[in-house]
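# predicted model and sequence below, questions to follow.
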Amino acid sequence: MTDEYIAEAQRLSIAQNKTLKFIYQTWWAWWLPRIAILVLMIVLYLNNLESAAALFGVFLFFSFAGEWFGRRNLAKARKKVRTKGTAATVSMSDQGVDIESANGNSHLKWSAMLQPVIYADGALIKFSRLAMIWLPDQALIDGSPADVRNPLAENVTDSPHINR
């Protein structure tokens, strides 16, 4: 697992959670309040309320600091991935999905999986709300992208989640 893979997998897993997607991946969630604070600061300053304008300046500073700390925490989480530098083998059969890695082997039956999310450049296989694995098309050693997507589409059907 490379740093690029871990960052992409983190981005895609965040995109699956509406709240996290809003916080980390929606630009206007950070910038619209900042613009409103800046406009309010100007209005307060022009009305000779410098102390209130300074207070909102502190709020504006904290909004930038909060965004920076959020990105820093995501980067720290990527550094703590225990499987960094190792390889994992994912294989699919009629029985389910098998994963072999340096940390162990696992098997998951198709009936236990949540609906996968299919992207143009790969598939995000969901084992639970928090456990997922990103299978980029470029990392395929044997087979084609259709060899990954077809078993997923045929065997994982009873989840309320919607493919994208």
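Cool, got the structure.

# tell me which residues of the helix or strand hosting Leu44 are tucked away?
When elements are assigned from DSSP states H and E, Leu44 belongs to helix 27-46. Across helix 27-46, burial judged by 16 or more other CB atoms under 10 Å covers Met41, Leu44. C-beta: built from backbone N, CA, C; applies to glycine.

# state the mean pLDDT of the helix or strand following that helix.
Remark: after helix 27-46, the chain's next helix or strand is helix 50-79, criterion DSSP H and E. pLDDT averaged over helix 50-79 equals 90, rounded to a whole number.

# mind giving me the domain split of this protein?
If the domains of the chain are taken from automatic domain parsing, they occupy 3-79, 89-155, with pieces of a single domain joined by a plus sign.

# start and end of the first one, how far apart?
End-to-end distance for domain 3-79: 8 Å, by CA to CA, to the nearest Å.

# roughly how far out does that domain sit from the chain middle?
Relative to its chain's centre, domain 3-79 lies at 17 Å (CA atoms, centre = their mean, to the nearest Å).

# try the shortest one
Using CA atoms, centre = their mean, we find the averaged C-alpha position of domain 89-155 to lie 17 Å away from the chain's own average C-alpha position.

# returning to what we had before: now, of the domains of the chain, which is deepest in the fold?
Of all those, domain 89-155 carries the top mean neighbour count, a mean of 15, counting by mean count of other CB atoms under 10 Å.

# pLDDT (mean, whole number) over it?
The average of the pLDDT scores along domain 89-155 is 82.
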